[in-house]
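Undergrad: Let's see this in three dimensions:
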Amino acid sequence: MRPLSEMTIIQIEVTNACWLKCSNCTRHVGHHRNPFFMELDFIEKAIDSLEGFEGNIGIMGGEPTLHPKFNEICEIVQKKIPRRKREFWTSGFQWAKKKDIILETWDKDRIAYNEHSTPGGKHTPLLVAIDEVVEDKKLMWQMIDNCWIQSQWSASITPKGGFFCEVAASLDYLYKGPGGYKIEKGWWKKNPKQFRDQVERYCKDCSGALPLPAESDGYGGRPNSENASNWDTISKGALEKLKGVNSLKVEAGHYKLFDKKYTAENLEKYIENWEPSKFKDFVTHEPADYDNSDKERKVDISKSGKL
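TA: Predicted structure coming up:
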């Protein structure tokens with residue numbers, strides 16, 4: 001695993017509310033009954049805590065534009081983060097209404113725009129607990145220590161603190177965990193030995209390090225011509241934990257159980273063509289990038305997602 005200081009970006013998760021309900025969401029959207037909305041003073045504190053961090057600072061959700069004070073968040077970002085260090089993730093909710101302030105705040109090439117509206121959108125299941133699948137625990141920890149998410153994605157800040165991994169941050173909120181590191185200047189200087197407590201707490205419940213087949217993102221839960229499912233793939237132990245936190249997706253029966261065991265031989269075969277970070281096969285920064293592509297939208301992008 002890499003030190004947090006070597007990451008190219010650290011995310012500030014201003015909300016985990018979203019208007020879509022994708023299958024296997026990295027923020028476990030669809031399970032929560034009470035999403036969070038980060039307070040403005042905490043957002044300022046989060047940005048201040050990253051003083052000296054050489055990478056970029058992302059504003060992410062959920063869907064950030066759902067935050068009731070999104071315009072004020074943009075003003076804080078403009079005031080506190082150098083323009084080329086700012087990044088933004090959105091699924092396009094209220095794009096027409098929010099476009100001006102978004103482009104005033106972020107350069108277009110710093111916007112990750114994903115409508116979840118075209119064929120080929122993929123998500124890798126993240127609620128299959130690796131501890132249930134890999135019985136060789138030495139092998140399991142080797143896989144976790146080489147997880148692609150920690151090596152390619154980012155650390156994260158939520159209202160519950162700082163986390164070495166954005167999926168770990170989401171798992172902490174989902175499973176009502178103890179929270180993250182105190183948000184103070186330099187918290188992001190932790191090396192793998194110093195954030196090992198979080199690795200041991202969260203990674204056993206995650207499947208990021210497992211070479212599972214990617215699944216359709218379900219078009220964000222919108223009605224579509226292919227009737228793609230927006231169900232999550234989960235393990236038996238995860239099912240019991242999700243029942244314990246009154247998951248909405250579990251209550252609705254929108255899940256599929258994974259009950260296989262992986263050996264070293266299985267893993268060699270499954271990992272051969274595994275591309276977990278390839279969740280979309282073209283780059284988009286705004287709606288026009290969809291319009292100008294050869295990809296056909298299969299859903300009405302004005303509609304919200306449903307369970």
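Undergrad: Pull out the buried positions in stretch 300-307.
TA: Neighbour counts using 16 or more other Cβ atoms under 10 Å place Ile301, Gly305 of stretch 300-307 among the buried residues. Every residue, glycine included, has its C-beta placed from N, CA and C.
Undergrad: Now do the same for it: mean pLDDT, whole number.
TA: Across stretch 300-307, the average pLDDT comes to 86.
Undergrad: Ok, stretch 157-166 next?
TA: What stretch 157-166 shows for mean pLDDT is 98.
Undergrad: Show me which parts of the helix or strand of the chain with the lowest mean pLDDT are buried, residue by residue.
TA: When each helix and strand of the chain is scored by mean pLDDT, DSSP states H and E, helix 264-270 comes last, with a mean of 86. Within helix 264-270, the residues that count as buried by 16+ other Cβ under 10 Å are Leu267.
Undergrad: Using the three-state scheme, assign Arg297.
TA: Three-state assignment for Arg297 (DSSP: H, G, I helix; E, B strand; the rest coil): coil.
Undergrad: wait, what's in contact with it?
TA: Shown in contact with Arg297 (Cβ atoms under 8 Å, 6 or more residues apart in numbering): Glu115, Ser117, Thr118, Tyr290.
Undergrad: Narrow the residues you listed to just the buried residues.
TA: If we count by 16+ other Cβ under 10 Å, the contacts of Arg297 have these buried: Glu115, Ser117, Thr118, Tyr290.
Undergrad: would you turn these into JSON lines with distance to Lys69 and secondary structure?
TA: Putting the buried ones among the contacts of Arg297 into JSON lines (distance: Cβ to Cβ, whole Å; DSSP: H, G, I helix; E, B strand; the rest coil) gives the following:
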{"residue": "Glu115", "distance to Lys69": "24", "secondary structure": "coil"}
{"residue": "Ser117", "distance to Lys69": "27", "secondary structure": "coil"}
{"residue": "Thr118", "distance to Lys69": "31", "secondary structure": "coil"}
{"residue": "Tyr290", "distance to Lys69": "28", "secondary structure": "helix"}
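Undergrad: Surely Thr118 is in contact with Asp294?
TA: No. Using Cβ atoms under 8 Å, Thr118 is not in contact with Asp294; the gap is 9.9 Å.
Undergrad: related to what we said a few turns ago, output the contacting helices and strands for the least confident helix or strand of the chain.
TA: Helices and strands touching helix 264-270, by 3 or more Cβ pairs under 8 Å, 6 or more residues apart in numbering; DSSP states H and E, are helix 137-145.
Undergrad: Which pLDDT value goes with the spatially closest residue to Ser207 that is not a sequence neighbour?
TA: In space, and not counting its chain neighbours, Ser207 is closest to Val128: 3.8 Å by Cβ to Cβ, 6 or more residues apart in numbering. On the pLDDT scale, Val128 is placed at 98.
Undergrad: how far does stretch 177-191 stretch from start to finish?
TA: One end of stretch 177-191 sits 22 Å from the other (Cα to Cα, to the nearest Å).
Undergrad: Kindly list the main-chain dihedrals of Glu104?
TA: When quoted as degrees, to the nearest 10, the phi and psi of Glu104 stand at phi -70, psi -30.
Undergrad: quick one: contacts for it?
TA: Neighbouring residues of Glu104 by Cβ under 8 Å, 6+ apart: Cys74, Gln78.
Undergrad: what number of residues lie near Pro82?
TA: Per other Cβ atoms under 10 Å, the neighbour tally for Pro82 reads 8.
Undergrad: How about Leu127, nearest residue that isn't a chain neighbour?
TA: Spatial nearest neighbour of Leu127, chain neighbours left out: Ile234 (4.2 Å); criterion: Cβ to Cβ, 6+ apart.
Undergrad: can you give me the offset of the helix or strand containing the one you found from its chain's centre?
TA: In this assignment (DSSP states H and E), Ile234 forms part of strand 232-235. Taking Cα atoms, centre = their mean, to the nearest Å, one finds strand 232-235 lying 16 Å from the centre of the chain it belongs to.
Undergrad: next one: stretch 149-160
TA: Remark: stretch 149-160 is offset 9 Å from the chain centroid, using Cα atoms, centre = their mean.
Undergrad: buried stuff in it?
TA: Here stretch 149-160 shows Ile149, Gln150, Trp153, Ser154, Ala155, Ser156, Ile157, Thr158, Pro159, Lys160 as buried, counting by 16+ other Cβ under 10 Å.
Undergrad: In this protein, what residue spans correspond to strands?
TA: Using DSSP state E, the strands of the chain run over 9-13, 56-60, 86-90, 111-113, 122-123, 155-158, 161-163, 215-216, 232-235, 255-258.
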